[in-house]
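>>> What would the 3D arrangement of this be:
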Amino acid sequence: MATATQTEIVAYGTVGTDITAQMVSDSLSVVGPDADVIMRVSSNGGSVFEGFAIYNRLKQHKGHVVVKIDGAAMSAGALIAMAGDEIWMAGNAMMFLHDALNDGGGNAQEHRAQAALLDQLSDNIAGIFAERTGRPKAQIARMMSEETWMNAEDAKRLGFVDALTEETAIAAEFDYTS
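Okay, here's the model as predicted:
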């Protein structure tokens, strides 16, 4: 914590398992509605619905929210990052955008219904990115469809982040000894 009115939330890992809306909401409730927040993100993505909940909770927070992308903002992790009043990205970090995905099975009717839902989800996500960047929604939708990787400089040039920070070392999440 930097000051009594500022707190740091670390959101490293998979959205929906390691990073949950309940975790973020609980953290914001503890510090109060007016506290300034630094949200550190390094995520490979995860649940889009949990990502929407975290994004909305951060956007509704009355205090100033700075998102710092320390390693990766991929998929739902990139969505969460867009909630910042300011978004900073480490010089060696990466951002990844893609259309909504589904890994479920089912019959033809269920697949058609899932395709319609995925289109709606992708449209919602593109709207959030377009609002943040000021770019046309069609351009963002194309970037998502093409599965776009961006380094920090590209993310800044395209309006996804406001500032680049010094490179931040992230502890490995894997145990290579076993």
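>>> Within the helices and strands, which one has Lys68?
Element membership of Lys68, judged by DSSP states H and E, is strand 65-74.
>>> chain center to the helix or strand following that strand: distance?
Per DSSP H and E, the first helix or strand lying C-terminal to strand 65-74 is helix 76-81. Its chain's average C-alpha position is 1 Å from that of helix 76-81, according to C-alpha atoms, centre = their mean, to the nearest Å.
>>> One more: stretch 26-46?
If you compare the mean C-alpha spot of stretch 26-46 with that of the full chain, they lie 12 Å apart, counting by C-alpha atoms, centre = their mean.
>>> again, but for stretch 125-142
14 Å.
>>> Check which residues of that stretch are buried.
When neighbours are counted by 16 or more other C-beta atoms under 10 Å, the buried residues of stretch 125-142 are found to be Ile125, Ala126, Ile128, Phe129, Ala130, Arg132, Thr133, Arg135, Ile140, Ala141. Every C-beta, even on glycine, is put in place using the N, C-alpha and C of the backbone.
>>> for stretch 6-18, same thing?
The neighbour-count check on stretch 6-18 (16+ other C-beta under 10 Å) flags Thr7, Ile9, Ala11, Tyr12, Thr14, Val15, Gly16 as buried.
>>> looking only at pLDDT, what's the mean for the lengthiest helix in the chain?
In the chain, ranked by residue count with DSSP state H as the criterion, the top helix is helix 108-133. For helix 108-133, the mean pLDDT works out to 96.
>>> Make JSON lines from the buried residues of stretch 6-18 and add pLDDT and distance to Val37 to it.
Output for these, formatted as JSON lines (pLDDT from 0 to 100; distance: C-beta to C-beta, whole Å):
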{"residue": "Thr7", "pLDDT": "90", "distance to Val37": "6"}
{"residue": "Ile9", "pLDDT": "96", "distance to Val37": "6"}
{"residue": "Ala11", "pLDDT": "96", "distance to Val37": "11"}
{"residue": "Tyr12", "pLDDT": "97", "distance to Val37": "16"}
{"residue": "Thr14", "pLDDT": "98", "distance to Val37": "21"}
{"residue": "Val15", "pLDDT": "98", "distance to Val37": "18"}
{"residue": "Gly16", "pLDDT": "97", "distance to Val37": "20"}
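>>> can you put those residues in a markdown table and add secondary structure and distance to Ala72?
Rendered in a markdown table, the data for the buried residues of stretch 6-18 read as follows (DSSP: H, G, I helix; E, B strand; the rest coil; distance: C-beta to C-beta, whole Å):
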| residue | secondary structure | distance to Ala72 |
| --- | --- | --- |
| Thr7 | strand | 23 |
| Ile9 | strand | 17 |
| Ala11 | strand | 11 |
| Tyr12 | strand | 10 |
| Thr14 | strand | 11 |
| Val15 | strand | 12 |
| Gly16 | coil | 16 |
